[in-house]
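Chemist: Provided below are the primary sequence and the corresponding predicted coordinates.
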Amino acid sequence: MTERKHSALFRYIERLHGERPWGAVLDAGTGVNSIRWIAGLPTDRWTAVTGSAGEAARVRNAITVEQRPQDRILLGNWADAQLLKDEIYDTALADYLLGAIEGFAPFFQPYLFSRLRPLVRSAFYVTGLEPYVPAARPENRVERLVWEIGRFRDACILLSGGRPYREYPSPWVTDHLHRAGFVVRKVKRFAIRHRARFVNAQIDMCAPGLKSLNDRALAQALSERGEALRAEALEIISAEGALRCGRNYVVAAEPE
Ligand SMILES: C[S@@+](CC[C@H](N)C(=O)[O-])C[C@H]1O[C@@H](n2cnc3c(N)ncnc32)[C@H](O)[C@@H]1O
């Protein structure tokens with residue numbers, strides 16, 4: 001997710017939130033984009049949670065000036081029942097957290113919203129990506145290319161021993177929010193325009209894993225396949241400005 005795509009989602013959340021105070025804010029799956037947004041809001045305090053030490057360091061570097069004494073960056077895992085036990089926040093954000101759970105707590109996705117429910121007093125915002133990798137092979141050239149890039153990326157991550165993200169559709173999110181004791185107020189989808197930065201990030205993230213493969217012929221073949229996908233995608237982007245494919249979503253909910 002780029003800053004530009006993120007900012008449209010965050011502006012939408014600000015419009016939905018309106019004049020209500022943000023109060024104490026929980027960034028339940030933090031990253032540079034969400035923390036920069038939250039640090040710029042008139043909050044009483046915020047807590048930013050990540051499962052990754054590297055992400056915690058990036059977040060810390062991104063907001064050196066904005067962080068106040070009452071603001072916290074926490075390294076933890078939502079699968080740990082003790083994490084933020086008995087704390088409560090006026091507003092909570094799960095920004096691309098659900099899709100990333102697979103990498104940190106596989107099989108925990110159906111329990112995530114119930115786990116977060118006691119921590120939310122007034123407003124809960126979930127952002128995510130409508131899944132496209134599990135779909136059948138698309139007919140349309142651009143959609144097929146984005147699907148191929150996604151499958152290539154996930155195949156490389158699996159072969160090198162990692163766990164790819166697993167995205168969930170917005171109806172799954174609304175259903176599980178209901179089950180967890182939330183009322184869903186709004187669901188909005190945003191069309192995605194993938195640019196060169198997205199393509200390069202997807203292909204480049206495969207390189208370290210491919211370097212570690214024992215089968216060097218396979219690594220070489222995959223690396224060439226990645227470069228072919230990159231070249232095709234960048235050619236379309238330079239002709240058409242972007243790969244128009246897929247949708248992000250925002251789901252706004254409140255405790256029942
Ligand atoms: C894709 S990133 C979120 C993007 C981010 N909000 C941004 O600004 O770009 C997912 C975040 O959720 C965290 N995460 C994923 N699973 C987690 C878990 N089980 N417990 C705690 N944090 C988790 C990751 O460590 C990471 O910080």
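Modeler: Yes, it's here.
Chemist: From now on I want contacts and neighbour counts done on CA atoms only, so please keep to that.
Modeler: Fine.
Chemist: for whichever residue of the stretch 151-256 of the chain sits closest to the ligand, helix, strand, or coil?
Modeler: In the stretch 151-256 of the chain, the residue found nearest to the ligand is residue 165; the distance is 8.4 Å by CA to the nearest ligand atom. Residue 165 carries the three-state label coil when classified by DSSP: H, G, I helix; E, B strand; the rest coil.
Chemist: That one is in contact with residue 102, isn't it?
Modeler: Yes - with contacts defined as CA atoms under 8 Å, residue 165 counts as touching residue 102 at a distance of 5.7 Å.
Chemist: if I pick the residue of the stretch 151-256 of the chain closest to the ligand, what's in contact with it?
Modeler: Neighbouring residues of residue 165 by CA atoms under 8 Å, 6 or more residues apart in numbering: 99-103.
Chemist: Could you identify the buried members of the residues you listed?
Modeler: The neighbour-count test (16 or more other CA atoms under 10 Å) applied to these identifies 99-102 as buried.
Chemist: and the ligand, which of these reach it?
Modeler: Applying CA under 6 Å from any ligand atom to those, one finds that 100-101 fall near the ligand.
Chemist: of all the buried ones among the contacts of residue 165, which comes closest to residue 138?
Modeler: Residue 138 lies nearest to residue 99 out of the buried ones among the contacts of residue 165, by CA to CA, at 21.7 Å.
Chemist: Where does the closest one sit: helix, strand or coil?
Modeler: Using three-state DSSP, the three-state assignment for residue 99 comes out as helix.
Chemist: quick one: contacts for it?
Modeler: 128-129, 165-168.
Chemist: and with 10 Å instead?
Modeler: Shown here is residue 99, whose contacts under the criterion CA atoms under 10 Å, 6 or more residues apart in numbering are 109, 127-131, 164-169.
Chemist: Once you drop chain neighbours, what's closest to it?
Modeler: Spatial nearest neighbour of residue 99, chain neighbours left out: residue 167 (4.2 Å); criterion: CA to CA, 6 or more residues apart in numbering.
Chemist: which stretches of this structure form helices?
Modeler: Secondary structure of the chain (DSSP state H): helices at 3-17, 32-39, 53-62, 101-104, 112-116, 141-159, 170-179, 196-204, 207-211, 216-240.
Chemist: roughly how far out does the shortest one sit from the chain middle?
Modeler: A distance of 11 Å separates the C-alpha centroid of helix 101-104 from that of its chain, computed with CA atoms, centre = their mean, to the nearest Å.
Chemist: and the protein, which of its residues are near the ligand?
Modeler: Taking CA under 6 Å from any ligand atom as the criterion, the contact residues of the chain with the ligand come out as 29-34, 49-52, 55, 76-79, 95-97, 100-101, 104-105.
Chemist: Buried subset of those residues, written for ChimeraX?
Modeler: Taking 16+ other CA under 10 Å as the burial criterion, the selection of buried members of these in ChimeraX is written as:
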select :29,30,31,32,33,34,49,50,51,55,76,77,78,79,95,96,97,100,101,104
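Chemist: neighbours around residue 238, how many?
Modeler: Number of residues near residue 238 (other CA atoms under 10 Å) recorded here: 12.
Chemist: same thing with residue 236?
Modeler: Residues lying near residue 236 (other CA under 10 Å) number 16.
Chemist: Can you name the residues that contact it?
Modeler: For residue 236, the contact set (CA under 10 Å, 6+ apart) comprises 141-142, 195-196, 242-243.
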